[in-house]
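Trainee: Provided below are the primary sequence and the corresponding predicted coordinates.
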Amino acid sequence: MKATLAIWGLALFGLSENLAARVDQQWVSGVLGYSSQYGSDKWSAQQILGAPDVYPAYADDKRAWAPDDIDANQFLEFQFTTSVYVTRLDVYETFNGGGVKAIKCFDVSEEWITLWSTDKVYALEYPRIFIPPLTSTISCFSNRIKLDIDCTAANTWVEIDAVMLYGTKEEEQWVSRVIGYSSQFGSGNYGYTYTAQAIVGAPDMYHINDGMAWAPGVIDKNQFLEFQFATPVYVTKVDVYEIFNAGSVKAIKCFDVSEEWITLWSTDQVYAFESERIFSPSFTSTRPCFSNHIRLDIDCTVANDWVQIDAVRLHGSKEAVQWVKDVIMYSSEYGRYKWSVDQTLGLPDVYPGYADDKRAWAPDVINAKQFLVLKFATPVYVTKVDVYETFNAGGVKAIECFDAQEETFPNGTMTVYRRWIRLWSTPQVSVVQSARIFSPSFTSTIRCFSDTIALFIDCTAANNWVEIDAVRLKGYQKSWSRLAKREHVIEVLEDEEDKAVTAVESAAAKMSIKQLLAHVRK
């Protein structure tokens, strides 16, 4: 049976140095708003879409945006295809450059973050790619950007041809502060030699061992390091740079914003390798952890000597990625163990293979009315559902999410509205004789906040079993500051006779079996 893992990011076990996060480059894909435009086609806001048309020329050219009003309050608001951690923005200015006075980013926390701003604007009589240094200390995960533009220095049109966004899907950070440690060999009298402070920042001694790493003052099984990073993220990977007697880390823990320690990974077996390595174990936690606070538990008894750690790198995102934690309900299963609904739990076992395989779910009944109701660890604003289909793919006909939206009233009470939202559906199913990850674009215009997903499955096109190996959920939290309260939403239940305040653990928990059956079978 598949292990019950809700691992929400791919973490690799590696002994060689990890590559830096890949930087994505994107041109503007859509215009969301503007202050004014000189024309509805020529010099319109739509002219900033895609790659440059005018640059490297300097000209008053209809293929760039120009404002209709010459003042200090012009703006362009636009989006890109993919949300990223914004690392750079290139603004292609092709007439009277220098008018951009601020660059803002609409973070997934639904707050505008000013990445860069200035009180001084110019009028430059040459083309340029404006690449300002981003000065914000808050990372912004977004695909939505706004330029504030001041035309008063030019006292005429300023024209923008295109904008390129650079960013990464994940944020990578080095340790910024040591919180605690069990012991350290160094005293601190000679800098950070062999002290806990030596793990702060990027590696100093990886490939070289001359003391700029932490080493314990006591050789036992109870050593630890506890430290912080600058920005809280959903933790997807932890890289431990071990430079002497590697193999002693026995647990990696994360202090979640719910103020609980979550063990991301642990082992009963430690080692003493006579080589350095970057240790990046695959997590075994059943919960995603949103944090900037990590602890390593370390056992030196196998080495019977110092172990040395040079640095620790944290990988994470504001997007939570989760695998199925539990199955709430299902139509049928081919077996209680083999081909059972429990085979959808955790990571894929069969994919990328294509096979009638007992490690995936298969229905016992071949009809158009099969379904799975799946539970994940943490409710999120759902952005994507990936269905791993490994035999007779193409039978999924609808994907729904059980929504729990909140509304706060002036008196401080909160109502939670509960409803099923159909994210995607099709009237026509098919049969695809290859394995695939099915990730349909949602057609619903309503955002769904949920930890419960329902798949509706039609086996009639295959006229045989269809098999699902795993399901992955992606999504965002609305407000990072409220994550600690995510398990205790205060709900006001109202009817004509009764008002009650109830602490709820999960949206789906309030649905009776009868209500669930009524919905999935209707």
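Mentor: Yes, it's here.

Trainee: only C-alpha atoms for contact and neighbour calcs from this point on.
Mentor: Fine.

Trainee: what's the neighbour count on D107?
Mentor: If you count neighbours by other CA atoms under 10 Å, D107 ends up with 23.

Trainee: if you skip the residues just before and after it, what's nearest to the residue sitting nearest the centre point of the chain?
Mentor: Nearest to the geometric centre of the chain sits E319, at 2.0 Å (CA atoms, centre = their mean). Nearest residue to E319, sequence neighbours excluded (CA to CA, 6 or more residues apart in numbering): Y476, at 5.0 Å.

Trainee: which residues does the one you found bridge with?
Mentor: Y476 has these beta-bridge partners by DSSP bridges: E319, Y381.

Trainee: pLDDT wise, what is it at?
Mentor: We note a pLDDT of 81 for Y476 in this prediction.

Trainee: count of residues packed around the residue nearest to V341 when sequence neighbours are not counted?
Mentor: Computed as CA to CA, 6+ apart, the closest residue to V341 that is not its neighbour in sequence is W361, at 5.2 Å. The tally of other residues near W361 (other CA under 10 Å) stands at 31.

Trainee: For the remainder of this discussion, apply numbering that starts at 87.
Mentor: Sure thing, new numbering starts at 87, so read that last one as W447.

Trainee: Return the distance of W447 relative to V436.
Mentor: Computed as CA to CA, to the nearest Å, the W447 to V436 distance reads 11 Å.

Trainee: Mind listing the shared neighbours of these two?
Mentor: The contact sets of W447 and V436 overlap at D555 (CA atoms under 8 Å, 6 or more residues apart in numbering).

Trainee: got the contact list for the residue nearest to Q429 when sequence neighbours are not counted?
Mentor: Spatially, and ignoring its direct neighbours in sequence, Q429 is nearest to A446 (5.0 Å; CA to CA, 6+ apart). Contacts here follow CA under 8 Å, 6+ apart; on that basis A446 touches 424-427, 429-430, 435-436, 476, 553-556.

Trainee: now, which of those lie within strands?
Mentor: Taking DSSP state E as the definition of strands, the contacts of A446 contribute T476, E553, I554, D555, A556.

Trainee: For the closest residue to the fourth one other than its chain neighbours, give its distance to D146.
Mentor: The shortest distance from D555 to any non-neighbouring residue, by CA to CA, 6+ apart, is to A446 (4.3 Å). Distance of A446 to D146, computed by CA to CA: 61 Å.

Trainee: re the thing from before, mind checking pLDDT for the residue nearest to V427?
Mentor: W447 is assigned a pLDDT of 99 by the prediction.

Trainee: who's in contact with stretch 517-528?
Mentor: Contact with stretch 517-528 is made by 437-440, 470-481, 509-510, 547-548, as judged by CA under 8 Å, 6+ apart.

Trainee: Any buried residues in that stretch, and which?
Mentor: Neighbour-count burial for stretch 517-528 flags V517, V518, A521, R522, I523, F528 (criterion: 16 or more other CA atoms under 10 Å).

Trainee: Ok, stretch 450-469 next?
Mentor: For stretch 450-469, the neighbour count (16+ other CA under 10 Å) marks 450, 452-469 as buried.

Trainee: Now the element after the helix or strand hosting C340, going C-ward?
Mentor: Here C340 sits within strand 335-341, counting by DSSP states H and E. Per DSSP H and E, the first helix or strand lying C-terminal to strand 335-341 is strand 347-352.

Trainee: Check which helices and strands that following strand is in contact with.
Mentor: On a contact count with 3 or more CA pairs under 8 Å, 6 or more residues apart in numbering; DSSP states H and E, strand 347-352 meets strand 335-341.

Trainee: Next, the angle strand 347-352 makes with the strand it packs on.
Mentor: Note on geometry: by axes from the mean of the first three to the mean of the last three CA atoms, to 10 degrees, strand 335-341 and strand 347-352 are set 150 degrees apart in direction.

Trainee: Show me what strand 335-341 is packed against.
Mentor: The elements that strand 335-341 packs onto, with contact taken as 3+ CA pairs under 8 Å, 6+ apart, are strand 347-352, strand 376-384.

Trainee: Check the offset of the shortest one from the chain's centre.
Mentor: Meaning strand 347-352. Centroid separation for strand 347-352 versus its chain: 19 Å, with CA atoms, centre = their mean, to the nearest Å.

Trainee: Direction included, what does that strand pair up with?
Mentor: Strands that pair with strand 347-352, judged by DSSP bridges, come out as strand 335-341 (antiparallel).

Trainee: quick one: the strand it pairs with to strand 376-384, angle?
Mentor: Going by the same axes, to 10 degrees, strand 335-341 makes 160 degrees with strand 376-384.

Trainee: can you list contacts of strand 335-341?
Mentor: With CA under 8 Å, 6+ apart as the criterion, strand 335-341 contacts 347-356, 375, 377-385.

Trainee: Number of residues surrounding V170?
Mentor: 26.

Trainee: again but with S126, I slipped
Mentor: S126: 10 surrounding residues under other CA under 10 Å.

Trainee: for the residue nearest to E405, what are its contacts?
Mentor: V194, K404, E405, A406, V466, Y467, V468, T469.

Trainee: about what we covered before: from the ones in strands among the contacts of A446, which is closest to G498?
Mentor: Ranked by distance to G498 (CA to CA), the ones in strands among the contacts of A446 are led by A556 at 40.5 Å.

Trainee: how many neighbours does the residue nearest to the closest one when sequence neighbours are not counted have?
Mentor: The shortest distance from A556 to any non-neighbouring residue, by CA to CA, 6+ apart, is to T430 (4.5 Å). Counted with other CA under 10 Å, the neighbours of T430 add up to 33.

Trainee: correct me, but T430 touches D555?
Mentor: Yes. Applying CA atoms under 8 Å as the test, T430 and D555 come out as touching, 5.3 Å apart.

Trainee: Quick check: neighbours shared by the two?
Mentor: Common contacts of T430 and D555, defined by CA under 8 Å, 6+ apart, comprise A446, W447.

Trainee: related to what we said a few turns ago, would you check how far apart the residue nearest to the centre of the chain and F341 are?
Mentor: Distance of E405 to F341, computed by CA to CA: 18 Å.

Trainee: Over to Y437?
Mentor: Y437 sits at a distance of 32 Å from F341 (criterion: CA to CA).
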